[in-house]
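J.: A predicted structure for the sequence below; I have some questions about it.
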Amino acid sequence: MNRRLLAIFLTFLKIGAFTIGGAYAMIPLIRREVVEKRRWITNAGYLNGLAAAQSCPGPIAINLSVYIGFHVKRGWGVFAAVLSTVLPSLLIIIAIAALFSHYADLPLVRKAFHALKPAVVALIAVPLIQMTRGAGLGPRNFWLPLAAIILVGLLGVSPIYPILGTILYSLLQSFWPKKGPV
Amino acid sequence: MIYLSLFWTFFKIGLFSFGGGYAILAMIQQEVVTRHAWLTASEFTDIVAVSQMTPGPISINAATFIGYRQAGVFGSLLCTFGVILPSILLMLAITLSYVKLRRQPWFQNVLKKLRWLSLGLIGAAAILIGEGAFTDRFSVGVFVICLIIYWRFKPNPIYLLLGAAAVGMILG
């Protein structure tokens, strides 16, 4: 194994192991490692990768590892970066899954989860409210997220259909003769 | 056949997980709870809570957990590989073409619309998880207090959850 590949592996292992609390906690950490410490990529290159990672489906952390791994060492770089990003959470969750069935019914654990569940809803609700404010929603487009809430949240429709519908709708809007995007 | 079903389900989840993190929850819930009944709604919420306290993206944690429950260590590897495979393939394609792609108005339009849509998907996730979470006055109280603390002070989510867990153990 060559040294550069090992460096990629160790860097993303660290990123994978220490980013608790979602992708947005991890973005500055990755930047510090790959732009400032290792100098694998320029700051502009990193920002490009971040934008690409956000527009691609899948977890941002994985998408960004693909981008940076490819940049540094092509196919093997992608392999090393993705493997090491996934490895810490894979091992931890397997351990938790193995223990969970034994301890899930303990009264103390049930009590903890009784409070954890509503706390999780708060963790989802707060960024949602804040994102909604900055999203530029108005009378012309608020129906799109509203339709998603009703279809998926209340009627139990799979998100696949609203997603495909939205993609199709946007493409039609862009390519329909004499009608530009709103 | 369980292996094929696990792999295909998580491949689909990976393929349609636009908008990051919470926007994917409704998709995972739909596939794993409603469609295949691999987990109950309550167990699903437990896993979301656990995911928030451990490193790694929620979709990967859910894939690993459910894969292990259904088919052991091999199942967890298979599901995890399934959920990240679309990311790897699509991201490689985007990496090679992004500079050209992002100048296209149609591409920007698709992304803009998907961003708006993902707000709705996150709202849907809050509703779906809220159904299993709000069982009594205690849980509503915890929600309101967490909402205020998280809104005002923006703590790292893990501290908020550890605090909630401690409160649950003592008062719940």
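T.: Noted; the coordinates are in hand. Residues are numbered from 1 along each chain as shown, chains lettered A, B, ... in the order given.

J.: list the contacts for B:V50?
T.: Contacts for B:V50 (Cβ atoms under 8 Å, 6 or more residues apart in numbering or on different chains) come out as A:93, A:96, A:100, B:61, B:65. The C-beta positions use only the backbone N, C-alpha and C, and glycine is treated the same way.

J.: can you count the residues close to B:I127?
T.: B:I127 has 17 neighbouring residues, counting by other Cβ atoms under 10 Å in any protein chain shown.

J.: and the longest helix for chain A?
T.: Longest helix of chain A, by residue count under DSSP state H: helix A:60-103.

J.: ugh, wrong one, chain B
T.: Counting by DSSP H, the longest helix found in chain B is helix B:58-101.

J.: is chain A contacted by that helix?
T.: Yes - judged by Cβ under 8 Å from any Cβ of the partner chain, helix B:58-101 comes into contact with chain A through B:58-61, B:64-65, B:68-69, B:73, B:76-77, B:80, B:83-84, B:86-88, B:90-92, B:94-95, B:98-99.

J.: B:L6 and B:Q70 touch, don't they?
T.: Yes - contact criterion Cβ atoms under 8 Å: B:L6 and B:Q70 qualify, at 6.0 Å.

J.: of those two, which one has the most company?
T.: B:L6 (24 against 19).

J.: does residue 116 count as helix, strand or coil?
T.: Picking chain A for this. helix (DSSP: H, G, I helix; E, B strand; the rest coil).

J.: ah, no, chain B please
T.: Under three-state DSSP, B:W116 comes out as helix.

J.: so who does A:T166 touch?
T.: Contacts for A:T166 (Cβ under 8 Å, 6+ apart) come out as A:144, B:110, B:113-114, B:117.

J.: among these, which pair sits farthest apart?
T.: In the contacts of A:T166, two members sit farther apart than any others by Cβ to Cβ. They are A:L144 and B:V110, at 12.5 Å.

J.: and the helices in chain A?
T.: Going by DSSP H, chain A shows helices at A:3-18, A:23-31, A:43-55, A:60-103, A:107-134, A:143-148, A:160-175.

J.: so how far is A:A80 from A:G45?
T.: Remark: distance between A:G45 and A:A80 (Cβ to Cβ, to the nearest Å) = 19 Å.

J.: those two: which is more packed in?
T.: Looking at A:G45 and A:A80 with other Cβ under 10 Å, you find the greater number of neighbours at A:A80, namely 25 against 15.

J.: wait, that one touches A:F9, no?
T.: Yes - the pair A:A80 and A:F9 passes the contact test of Cβ under 8 Å, sitting 4.5 Å apart.

J.: report the buried members of the residues of helix B:58-101 next to chain A.
T.: B:58-61, B:64-65, B:68-69, B:76-77, B:80, B:83-84, B:86-88, B:90-92, B:94-95, B:98 (16 or more other Cβ atoms under 10 Å in any protein chain shown).

J.: quick one: least confident helix or strand in chain A?
T.: Ranking every helix and strand in chain A by mean pLDDT, DSSP states H and E puts helix A:23-31 at the bottom, with a mean of 78.

J.: just the mean pLDDT for the longest helix of chain B, thanks.
T.: The average pLDDT within helix B:58-101 is 92.

J.: and the angle for it with helix A:60-103?
T.: Angle, helix B:58-101 to helix A:60-103, by axes from the mean of the first three to the mean of the last three Cα atoms, to 10 degrees: 170 degrees.

J.: same for helix B:58-101, what does it pack against?
T.: The helices and strands touching helix B:58-101, judged by 3 or more Cβ pairs under 8 Å, 6 or more residues apart in numbering or on different chains; DSSP states H and E, are helix A:43-55, helix A:60-103, helix B:2-15, helix B:22-29, helix B:41-53.
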